[in-house]
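>>> okay, here's the prediction I keep looking at, along with the sequence it came from:
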Amino acid sequence: MPDRYAVFGNPISHSKSPRIHALFAAQTQQDMSYDAILAPLDGFATAINNFMAAGGRGANVTVPFKEEAFKLATTLTARAQAACAVNTLSFHEGAISGDNTDGAGLVRDLKSNLGFDLAAKRILLLGAGGAARGVILPLLEEKPATLIIANRTEEKAFRLALEFAGRADTLPEACGFAQLAGQSFDLVINATSTGLSDIALPLPPHLFVARGLAYEMVYGRETPFMKQARAAGCRVADGLGMLVEQAAEAFFTWRGVRPVSVPVLAALR
Ligand code: ATR
């Protein structure tokens, strides 16, 4: 019997994770299976417990269960604690360890796939929800010159920045969108949920610089944020690389082998 893994979410049929992990497993010759499992909205813990009881070795967790997975885990990595959310579970003799590989996936995509070094850069993170929170600590650990969190609801950005005070050498700053006027950044990351809609954020035109990078966490569509950045002459990336890299990090956690993600990313494109 191959070792069993799965991704849990609701909805889940669109998930690319089974394909990504099948490609990783083939590449590294790991004897494992990886399914997509639809958990009922009120039945995430039961679904995970059933999977464990059936011999499951680990799981990925996606929308809307990452906070529930955080509560379900019996041990947490530092980056999962900082994110207050878990996307990777490992099961061992009844214990459930929780990790969050989203931020590491973003950083690896930026550095390895896009060739963008974060040290001493000016970074702007748009949004103060779960997606933003999940990537802050790994971004700070790269020692940027500045990390500013900007959010429509300014208060939420301030509260989020405060949570990370003292956790890394760089102290995050916070503001609303209006305070971005006159500022520019080497890297602008869209972690708001507007990437899923056609709503454009009220961003000042000089925010993006010609040699900079605009990173949209959503993938599979040209979002208003990507259009804004392109219009300003900025290089643009979507979140597909982050998806593949967070999966590679989870795979490494489970199997102790790091897959090469470049051919997998190319296959998905
Ligand atoms: P996620 O888990 O995807 O981060 P979330 O926790 O609901 O989802 O957070 C959504 C983020 O997108 C928030 O930063 C939200 O801003 P507010 O805190 O002001 O609500 C942001 N967002 C959603 N719709 C937006 C819009 N139309 N304009 C600007 N920001 C928006």
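Structure received.
>>> what's the helix or strand for S33?
strand 32-38 (DSSP states H and E).
>>> how about that strand: buried residues?
Going by neighbour count (16 or more other Cβ atoms under 10 Å), the buried part of strand 32-38 is M32, S33, Y34, D35, A36, I37. C-beta here means a position set from N, CA and C on the backbone, and glycine is covered the same way.
>>> cool, stretch 176-194 as well?
176-177, 180, 184-192, 194.
>>> filter those residues down to the ones near the ligand?
Counting by Cβ under 6 Å from any ligand atom, T192, T194 from the buried residues of stretch 176-194 sit close to the ligand.
>>> in strands, which of the buried residues of stretch 176-194 appear?
Using DSSP state E, the members of the buried residues of stretch 176-194 that fall in strands are F185, D186, L187, V188, I189, N190.
>>> from the buried residues of stretch 176-194, pick the one nearest S17.
A191 (20.0 Å; Cβ to Cβ).
>>> now do that closest one, the pLDDT please.
pLDDT recorded at A191 is 98.
>>> so it sits right up against I136, yeah?
No - if you go by Cβ atoms under 8 Å, A191 and I136 don't touch, sitting 9.4 Å apart.
>>> between these two, which contacts overlap?
Taking Cβ atoms under 8 Å, 6 or more residues apart in numbering as the contact rule, A191 and I136 both touch L125.
>>> on that earlier part again, which of the buried residues of stretch 176-194 sits closest to the ligand?
Nearest to the ligand, judged by Cβ to the nearest ligand atom, of those is T192 at 3.4 Å.
>>> list the contacts of the closest one.
L126, G127, G129, A131, A132, N151, R152, L201.
>>> keep only those that also lie close to the ligand.
Okay, of these touching the ligand (Cβ under 6 Å from any ligand atom), that's G127, G129, A131, A132, N151, R152, L201.
>>> got phi/psi on the fourth one?
Okay, so that is A132. Dihedral pair for A132: phi -70, psi -50, per degrees, to the nearest 10.
>>> I figured it hits I148, correct?
No - using Cβ under 8 Å, A132 is not in contact with I148, being 11.5 Å away.
>>> those two: which is more packed in?
A132 (24 against 21; other Cβ atoms under 10 Å).
>>> now that one. Nearest residue, chain neighbours left out?
A191 (3.9 Å; Cβ to Cβ, 6 or more residues apart in numbering).
>>> same question for L203.
Per Cβ to Cβ, 6+ apart, closest to L203 is Q228, 5.9 Å.
>>> relative to strand 185-190, how tilted is the helix or strand where the one you found lies?
Assigned by DSSP H and E, Q228 belongs to helix 224-231. Helix 224-231 runs at 150 degrees relative to strand 185-190, counting by axes from the mean of the first three to the mean of the last three Cα atoms, to 10 degrees.
>>> could you number the chain from 50 rather than 1 from now on?
New numbering, starting at 50: the last item is helix 273-280.
>>> show me the strands paired with the helix or strand just after helix 273-280, marking each as parallel or antiparallel.
Note on helix 273-280: by DSSP H and E, the next helix or strand toward the C-terminus is strand 284-286. Strand pairing for strand 284-286, using DSSP bridges, gives strand 257-265 (parallel).
>>> right, is the lengthiest helix in the chain up against the ligand?
Counting by DSSP state H, the longest helix found in the chain is helix 289-304. No - using Cβ under 6 Å from any ligand atom, helix 289-304 stays clear of the ligand, coming no nearer than 13.3 Å.
>>> which residues touch that helix?
54, 65-66, 69-70, 73, 77, 79, 81, 106-107, 109, 136-137, 139, 148, 150-151, 153-155, 157-158, 161-163, 266, 268-269, 306-308, 310, 313-314, 317-318.
>>> same thing but at 6 Å, please
69, 73, 79, 107, 109, 137, 148, 150-151, 153-155, 157-158, 162, 268, 307-308, 310, 313-314 (Cβ atoms under 6 Å, 6 or more residues apart in numbering).
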